[in-house]
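**Student:** 3D model of this:
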Amino acid sequence: MNLISSLYFSAPEIFLTISGLVLLLVAAFGGDKTARTVTILAVAALFGALVYTADLLTNPAYELGGEAWAGIYRMDGFGSFAKILIYLAAIGCLIVTPKFFTENGGHRPEYPILVLFSAVGMALMVSAVNLMTLYMGLELMSLSSYVLASFSRSDNRSVEAGLKYFVLGALASGILLYGMSLLYGFTGSTSYLGIRLALQDGLSMGATFGIVFVLAGLAFKIAAVPFHMWTPDVYEGAPTPVTAFFSTAPKVAAVAVLMRISLDTFGEQTLAWQQIVIFAALASIVVGALGAIGQTNIKRLLAYSSINNVGFILIGLAAATPSGASGMLVYLTIYVAMSLGGFVAVMMLKDAQGNQVEQISSMAGMVREKPLLAWCIFFLMLSLAGIPPLFGFYGKFVVFQAAVQADMIALAAIGIAASVIGAFYYLKVCKVIMFDDPAGEVVGDTTKSNWAVLLICSVIISPLGWILTKPLVELADRAASSLFFVI
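**Tutor:** Sure, this is the predicted structure:
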């Protein structure tokens, strides 16, 4: 692969890196007054990378993809699909940022720059076909995330969230790196293809431990049980735009890496990891559902909802089939819209003094005071619960269908039964905002940018979203097909 091709395939990451460095200089010389300009330019840079990546995904000339930089990076449909979701989530989070930080401790230009560098790291992760490239991308994303979690320095909850995320994230990175070292030691390669070929003749005990440690490290990044303990505290304590970011873009990147590692690198040894994924899927669904029932804070409830949804996504991975991988990508797309819309709606819950309202009880009877916002939250909750005809139902349908097609009927049945439990706490929120006596607390105004993002997400998850079904499934099928037997 020559230099020109390598530059062409990795152009989005190079462009975002250069953009981030230039904006860093602008912030250094211009100070805090450049925050809004830097945010707009960061959104423009992400949009440019999005358009370029979309062309790589849809252009028939690149349907088979190609490797770059001496085989440590791969451009293919799967990576391009994941990057588009990452860029869209990052753009949505940046759009709703300025007003929030202006009202809560000052808007600084470092924020969009950190999001930009985090997006670069995530893009490297999903296109990596070498353990070293994966770890570089993972650390770039993680280091940016640690700072973002504690971005509100005057808020003790934010500082605590950043510290917890840093300590546990460093532990997870260590576990992942130890697993990588074991795989390298017992296969003699850091290349995904090299590891796959080395494992074709069977697994040694050391390689098995390597697989387990790698999956454990990635499970932390997607907040799958039993590595979910950080999620409620970090989601509650971090600034809400940061929480919206954590629940979307990094989640997509981590799930995409888990899919590529499991289905491509460990594809010949499905039985070695399938049982682990099945346990994590069912445990995440159950813990997420039961943990959310007693929550009184809407951000903590959405944190457990995130854990719950990861469990449903992992059902598609447990199937270990092209239809399962396609179903995961479809679910991820719908989940990004639901999660982003949910946290943007939380940002719009303000009292008369402009302070954010997070208690569910404070949302009582909101439909009488903020009817449009209440109805948007109502439909987002129902979509997260997977109730038809909202688009969230289709996400669950495709992963359960994949499990049934893979003869995992028991797994699908347990998942469906557990989803009924999860519906309870979503319906509890719906009942509070629609039928309880008005609490009179959610009365503050919000911005047009928040409304724009919320309404777009609401339209996507509404019955109108079913219009997207055919093109979305076609793109997901094409992206998933590039995961299997790439030689």
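**Student:** The closest residue to Leu163 other than its chain neighbours: how many residues sit nearby?
**Tutor:** The spatially closest residue to Leu163, leaving aside those adjacent along the chain, is Ser150, at 7.0 Å (Cβ to Cβ, 6 or more residues apart in numbering). All C-beta spots, glycine's among them, are computed from the backbone N, C-alpha and C. Neighbours of Ser150 under the rule other Cβ atoms under 10 Å: 23.
**Student:** Now Ser150, what are its backbone angles?
**Tutor:** When read as degrees, to the nearest 10, the backbone of Ser150 gives phi -110, psi 30.
**Student:** these two touch, right, it and Arg157?
**Tutor:** No: using Cβ atoms under 8 Å, Ser150 makes no contact with Arg157, being 9.7 Å away.
**Student:** Grab the nearest non-local neighbour of Leu182.
**Tutor:** Using Cβ to Cβ, 6+ apart, the closest residue to Leu182 is Gly210 (3.3 Å).
**Student:** Select the helix or strand of the protein having the lowest average pLDDT value.
**Tutor:** helix 97-103 (a mean of 79; mean pLDDT, DSSP states H and E).
**Student:** center of this protein - which residue?
**Tutor:** Lys251 (2.3 Å; Cα atoms, centre = their mean).
**Student:** ok, Gly121 to Lys470 distance?
**Tutor:** According to Cβ to Cβ, to the nearest Å, Gly121 and Lys470 sit 33 Å apart.
**Student:** can you map out the helices along the stretch 101-250 of the chain?
**Tutor:** 110-127, 131-149, 156-187, 192-198, 205-222, 231-237, 240-246, 249-260 (DSSP state H, counting those that start in this stretch).
**Student:** okay if I get these as a markdown table plus distance to Val286 and mean pLDDT?
**Tutor:** Shown next, in a markdown table, are the helices of the stretch 101-250 of the chain (distance: least, Cβ to Cβ, whole Å; pLDDT from 0 to 100):
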| stretch | distance to Val286 | mean pLDDT |
| --- | --- | --- |
| helix 110-127 | 28 | 93 |
| helix 131-149 | 27 | 91 |
| helix 156-187 | 22 | 89 |
| helix 192-198 | 32 | 90 |
| helix 205-222 | 16 | 90 |
| helix 231-237 | 15 | 88 |
| helix 240-246 | 22 | 90 |
| helix 249-260 | 19 | 93 |
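**Student:** and the ones you listed as JSON lines, adding distance to Val459?
**Tutor:** Listed next are these as JSON lines, based on distance: least, Cβ to Cβ, whole Å:
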{"stretch": "helix 110-127", "distance to Val459": "24"}
{"stretch": "helix 131-149", "distance to Val459": "28"}
{"stretch": "helix 156-187", "distance to Val459": "31"}
{"stretch": "helix 192-198", "distance to Val459": "38"}
{"stretch": "helix 205-222", "distance to Val459": "27"}
{"stretch": "helix 231-237", "distance to Val459": "25"}
{"stretch": "helix 240-246", "distance to Val459": "18"}
{"stretch": "helix 249-260", "distance to Val459": "20"}
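**Student:** For Val96, find the nearest of these.
**Tutor:** Smallest distance to Val96 across the helices of the stretch 101-250 of the chain (Cβ to Cβ): 5.9 Å, for helix 240-246.
**Student:** Give the other helices and strands that the closest one contacts.
**Tutor:** helix 77-95, helix 97-103, helix 131-149, helix 231-237, helix 298-319, helix 322-347 (3 or more Cβ pairs under 8 Å, 6 or more residues apart in numbering; DSSP states H and E).
**Student:** How many neighbouring residues does Arg260 have?
**Tutor:** Arg260 has 28 nearby residues by other Cβ under 10 Å.
**Student:** Enumerate every residue touching Asp233.
**Tutor:** 160-161, 164 (Cβ atoms under 8 Å, 6 or more residues apart in numbering).
**Student:** switch to 6 Å and redo it
**Tutor:** By Cβ atoms under 6 Å, 6 or more residues apart in numbering, the contact list for Asp233 reads Lys164.
**Student:** Tell me how far it lies from Phe166.
**Tutor:** Counting by Cβ to Cβ, the gap from Asp233 to Phe166 is 12 Å.
**Student:** Report the contact partners of the residue nearest to Leu163.
**Tutor:** 158-159, 162 are the contacts of Ser150 under Cβ under 6 Å, 6+ apart.
**Student:** Quick check: it vs Ser144, distance?
**Tutor:** Counting by Cβ to Cβ, the gap from Ser150 to Ser144 is 12 Å.
**Student:** ditto for Asn355
**Tutor:** 28 Å.
**Student:** neighbour count winner among the two?
**Tutor:** Ser144 (23 against 13).
**Student:** So that one sits against Leu114, correct?
**Tutor:** Yes: using Cβ atoms under 6 Å, Ser144 is in contact with Leu114, at 4.6 Å.
**Student:** Which residue of the chain lies farthest from its centroid?
**Tutor:** Asp437 (35.4 Å).
**Student:** any idea which element that one lies in?
**Tutor:** Secondary structure assignment for Asp437, by DSSP states H and E: no helix or strand.
**Student:** and the residue lying closest to it once chain neighbours are set aside, what is it in contact with?
**Tutor:** Of all residues not flanking Asp437 in the chain, Gly365 sits nearest, at 5.4 Å (Cβ to Cβ, 6+ apart). For Gly365, the contact set (Cβ under 6 Å, 6+ apart) comprises 436-438.
**Student:** switch the cut-off to 8 Å
**Tutor:** Here Gly365 is in contact with 433, 435-440 (criterion: Cβ under 8 Å, 6+ apart).
**Student:** Can you tell me what sits against stretch 451-471?
**Tutor:** 92, 95-96, 334, 337-338, 340-341, 344-345, 348, 373, 376, 379-380, 383, 389-392, 394.
**Student:** So what's the residue count around Arg153?
**Tutor:** Residues within reach of Arg153, counting by other Cβ under 10 Å, total 12.
**Student:** Leaving out chain neighbours, which residue sits closest to it?
**Tutor:** In space, Arg153 is closest to Val159, 6.7 Å off (Cβ to Cβ, 6+ apart).
**Student:** if I look at Arg196, how far off is Ile84?
**Tutor:** The value you get for Arg196 to Ile84, if Cβ to Cβ is used, is 26 Å.
**Student:** same thing with Gly341?
**Tutor:** As judged by Cβ to Cβ, Gly341 and Ile84 stand 18 Å apart.
**Student:** So for those two, which residue has more residues nearby?
**Tutor:** Gly341 (27 against 21).
**Student:** what's the burial count for the residue lying closest to Met75 once chain neighbours are set aside?
**Tutor:** Nearest non-adjacent residue to Met75, counting by Cβ to Cβ, 6+ apart: Phe9, 3.8 Å away. Using other Cβ under 10 Å, Phe9 has 24 neighbouring residues.
**Student:** looking at it, Phe9 is touching Ile72, isn't it?
**Tutor:** No: Phe9 lies out of contact with Ile72 (Cβ under 8 Å); the separation is 11.8 Å.
**Student:** Now do the same contact list for Ser339.
**Tutor:** Going by Cβ under 8 Å, 6+ apart, the list of residues near Ser339 reads 244, 247-248, 251, 302, 306, 309.
**Student:** May I ask which of those has the most neighbours?
**Tutor:** Most surrounded of the contacts of Ser339: other Cβ under 10 Å gives Ala244, at 30 neighbours.
**Student:** Who are the contact partners of the nearest residue to it once chain neighbours are set aside?
**Tutor:** Take Ala244 and drop its neighbours on the chain: the residue closest to it by Cβ to Cβ, 6+ apart is Phe343, 3.6 Å away. Taking Cβ under 8 Å, 6+ apart, we find Phe343 in contact with 240-241, 243-244, 247, 299, 302.
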